[in-house]
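In: kindly return the folded structure for what I paste below:
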Amino acid sequence: MAPFRLSLPCKGLACKILCGSGLAILIPFIFFFVFLRYHDQKWMEYELRSQARAIYRLITVTRQWISWHGGIYIKNDDNFQLLTPSHFVRDLSLFSKNNLPYTIKIAVENPKNPAHEPDEFEKKAIEIFKNRGREYWKLEKNLYRYAAPLTFKTECLSCHRWSKEKTIAGCISILLSTDKIKQHLIERRRIINTFFILTFASMIISLSLLIRKWVLNPLNKFKVATQKIKERKYIQVEIKTEDEWHELAETFNDMINKIRNHQEELEAKIREATEKLRTAYEELKKTDQFKSEFFSNISHDLKTPLSAIKGTIDFLLRKNPHDQHLLIAQKNVHKLLQMINTILDITRLEHGQLELNKELFDLRELVEEACVAHQPLAWEKDIKISWEIPPHPLWVEIDPERMYGVISNLIDNAVRFSPPNTEVIVRAFKENDNRVLLEVEDYGPGINSEEKNRIFEKFYHKRSGGLGLGLAISYGIIKAHGGDIWVKDPEGHKGSIFVITLPLKNA
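Out: Residues are numbered from 1 along each chain as shown. Got it, this is the predicted structure:
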C-alpha cells in the first residue's frame, strides 16, 4: 500500500509553513463547530422542553385550583357561567391557536368530543404514560411536540365519576414552534462564523508577516550568499538578532572565510603549477623540435653519401655479382636508407609536410601485391599468408606507394610475431557505401591493453628491434588519407587484428 502524501498547491517553505499552521488552527475550529452544532441542538431541545414543562405545570395547577373551588363563575355578558377544569383547558386551547406562541390540546381515549381525538403522537404518549412514563416529546421539522399525562385527583371526582378506576385519562399535548429559537441559533452562528473568519484571517496574516520577518528574510540572505558562491563571490551574511539565526550566520561567515582563503591558496598553487607546466611544455616543445630538426638534418646529411655508396656497390656488383662482401654491404646500405627515409617521413608528418600523390586505385591490387611479396619471409617460418578480397573493385583515393608501405608494414609485423605453423589472414571488404575495411589478423601472442594505448606512439617498441616508427608512420599516413587505424583482439584465439578504414570512392 502506497504511503499517504499530502499534496500542497505550492512548493515554497512559506507556503508549507502557512498551510501547516492554518491546518493546525483550522482543525480545532472544525471540532469546535461540530461540538457547537451538537450543543445548539441539545440546548434547543432542552429550552423547548423547559417551556413545554412550564406550560404543562401551569395548566395542571390551574385545573387543580379550579377543582378545589368546585369550579369558578365567569361573567358572560349579563350572566355568570360556571367554568370547570375541562372548560378551562378547552377555552385555553382555542385561545392559544390565535393568541399564544403555542397550542394546547386535551387528548383522551374514546372521547365523546371529536376535538379530543388523539393523533399518532398522542396515542403513543398515552401508551407510555400507562406504563408509568412521565413525559414524551418529539422534535419535528419546525415544531416541537410535548405530551404529559392528564390525571384526575380526588377533587375531580365530583365531575368525573369514571376516573376513579382510571386515573390516566389521556394527555395534555403541547405544540411549540421552533422558528424563533432556530432563528436565534442562526444569528448566533452567523456571529460566531464571522468572528472565526476574522480571527482565522488575522492569525494567518499575522503568521505570514512573522514568518517573513523571522524565517524567510534570514533564509533569503543565506540563499543569496550560497548562490554567490557558485559565482565565486564570497559575501557575508548579516543578521542582527540575538537568536539561532545570528549564530548560524556567524558560523556560515566563518565557513565562507575559510573557503575563500582555501580557494585563494588553491588558485595560487594552480597558477604556479600551470606556469611550471607551461615552462616545461615550452622546453619539451623546443627539445622535440630540436630533436626533429636534428634527425631531419642528420638524415639529409647521411642520405647523400649513402646514396653514393649504394650506387658504387651496385656498380661493383654488376662486375662481380657473386661477391658476398658486396652483397652484405648492399643489404646494410639498403636498411640504412630505409631507416633514414622513415625518420624523414615521421618528421614531415609532425610538421604536416607529408606529400601524398593520390590517385583512384583498386585496394585489392595492393593487398594481393603485399601478400605475395611477403610469402618468402612467411615460408621461412612455415607461416601461411592468405588474403580474402571481394570479386568487385574497392576504389579508394590513395597514394599507392605509401599505402603499400602501410599494408606491407602490418603484414611484416604479423609474420614476425606469429609462431611457426600458423596463418596470417588479410581481408579487404566494403563495410558500407562510404567505407572500406582492411584487416590483418595473426595468431601471435597478442597485445595487452597498455600496449594498445601506446602502440602507435613514436619510438615505442617492446618486442622487436628497430626504431619503433613503423606503426607511428602508418598511423599518420592513414589519418592523412581521412581514415582510421586501430588494433583489437580476435575471437577464439590469441593474436591481434589491425583494422584500417578508408573512404570509399565511386569509379
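In: mind pulling up the phi and psi values for Pro445?
Out: Per-residue torsions, Pro445: phi -70, psi -10 (degrees, to the nearest 10).
In: which regions of the stretch 51-200 of the chain lie under the pLDDT threshold?
Out: Residues of the stretch 51-200 of the chain that meet the criterion pLDDT under 70 lie in 84, 86-87, 96-99, 152-168.
In: which residues in it form helices?
Out: Ranges of helices within the stretch 51-200 of the chain are 85-99, 120-130, 179-211, based on DSSP state H, counting those that start in this stretch.
In: could you dump the shortest one to CSV, C-alpha only?
Out: Yep, that's helix 120-130 we're talking about. Output of helix 120-130 as CSV, limited to C-alpha atoms (Å, rounded to 0.1, in the frame of the first residue of the first chain):
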residue,chain,number,x,y,z
GLU,A,120,-50.4,9.1,16.4
PHE,A,121,-48.0,11.1,18.6
GLU,A,122,-50.6,11.4,21.3
LYS,A,123,-51.6,7.7,21.1
LYS,A,124,-48.0,6.7,21.6
ALA,A,125,-47.7,9.2,24.5
ILE,A,126,-50.8,7.7,26.3
GLU,A,127,-49.4,4.2,26.0
ILE,A,128,-46.1,5.4,27.5
PHE,A,129,-48.0,7.1,30.4
LYS,A,130,-49.9,3.9,31.1
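In: what's the closest of the helices of the stretch 51-200 of the chain to Trp137?
Out: With Cβ to Cβ as the criterion, Trp137 lies closest to helix 120-130 of those, at 8.9 Å. Every C-beta, even on glycine, is put in place using the N, C-alpha and C of the backbone.
In: by contact count, what packs against that closest one?
Out: On a contact count with 3 or more Cβ pairs under 8 Å, 6 or more residues apart in numbering; DSSP states H and E, helix 120-130 meets strand 102-108, strand 136-139, strand 143-151, strand 168-177.
In: contacts for the last one next, please.
Out: It stands for strand 168-177. 48, 51-52, 55-56, 59-60, 89, 101-109, 111, 116, 118, 121-122, 125-126, 129-130, 136, 142-152, 160, 163 (Cβ atoms under 8 Å, 6 or more residues apart in numbering).
In: and that strand, how far out from the chain's middle?
Out: Offset of strand 168-177 from its chain centre (Cα atoms, centre = their mean, to the nearest Å): 72 Å.
In: residues of that strand that come out buried?
Out: Judged by neighbour count (16 or more other Cβ atoms under 10 Å), strand 168-177 contains these buried residues: Ile168, Ala169, Gly170, Cys171, Ile172, Ser173, Ile174, Leu175, Leu176.
In: give the bridge partners for the closest residue to the last one other than its chain neighbours, please.
Out: Nearest residue to Leu176 in three dimensions, chain neighbours excluded: Tyr144, at 4.5 Å (Cβ to Cβ, 6 or more residues apart in numbering). When assigned by DSSP bridges, Tyr144 has beta-bridge partners Leu139, Leu176.
In: show me the contacts for Tyr144.
Out: Contacts for Tyr144 (Cβ under 8 Å, 6+ apart) come out as Glu45, Leu48, Arg49, Ala52, Trp137, Lys138, Leu175, Leu176, Ser177, Thr178.
In: next: Ala107.
Out: For Ala107, the contacting residues are 116-119, 122, 125-126, 147, 150, 170-173, by Cβ under 8 Å, 6+ apart.
In: please parse this structure into its domains.
Out: 13-183, 234-354, 356-503 (automatic domain parsing).
In: quick one: mean pLDDT over the last one.
Out: The predicted model gives domain 356-503 an average pLDDT of 87.
In: doesn't Asn413 make contact with His374?
Out: No: taking contacts as Cβ atoms under 8 Å, His374 lies outside contact range of Asn413: 10.5 Å.
In: all strands of the stretch 201-350 of the chain, in order?
Out: Assigned by DSSP state E, counting those that start in this stretch, the strands in the stretch 201-350 of the chain number zero.
In: correct me if wrong: Asn320 contacts Leu326.
Out: Yes: counting by Cβ under 8 Å, Asn320 does reach Leu326; the two are 6.3 Å apart.
In: those two: which is more packed in?
Out: Leu326 (18 against 11; other Cβ atoms under 10 Å).
In: neighbours of Asn113, how many?
Out: 10.
In: tell me how far it lies from Asp442.
Out: Between Asn113 and Asp442 the distance is 132 Å, computed by Cβ to Cβ, to the nearest Å.
In: count the neighbours of Phe129 for me.
Out: Residue neighbour count, defined by other Cβ under 10 Å, stands at 21 for Phe129.
In: nearest spatial neighbour of it, skipping sequence neighbours?
Out: Leaving aside its sequence neighbours, Phe129 sits nearest to Pro149 (Cβ to Cβ, 6+ apart; 4.3 Å).
In: what separation do you get for the one you found and Glu127?
Out: Distance check for Pro149 against Glu127: by Cβ to Cβ, it reads 12 Å.
In: kindly report the same for Gly446.
Out: Distance of Gly446 to Glu127, computed by Cβ to Cβ: 111 Å.
In: more crowded one of those two?
Out: Between Gly446 and Glu127, counted using other Cβ under 10 Å, the more crowded position is Gly446 (16 against 12).
In: distance of Lys124 from Tyr136?
Out: Distance, Lys124 to Tyr136, by Cβ to Cβ: 7 Å.
In: of the domains of the chain, which is nearest Ser202?
Out: The nearest among the domains of the chain, by Cβ to Cβ, is domain 13-183 at 11.0 Å.
In: now the closest one, how far from the chain's geometric center?
Out: Counting by Cα atoms, centre = their mean, domain 13-183 is centred 69 Å from the centre of its parent chain.
In: burial check on His392, number of neighbours?
Out: Counted by other Cβ under 10 Å, the residues lying close to His392 total 9.
In: helix/strand/coil for it?
Out: Assigned with DSSP: H, G, I helix; E, B strand; the rest coil, His392 falls in the coil class.
In: how close does it get to Gln236?
Out: His392 is 77 Å from Gln236, by Cβ to Cβ.
In: same thing with Lys180?
Out: Per Cβ to Cβ, Lys180 is found 70 Å from Gln236.
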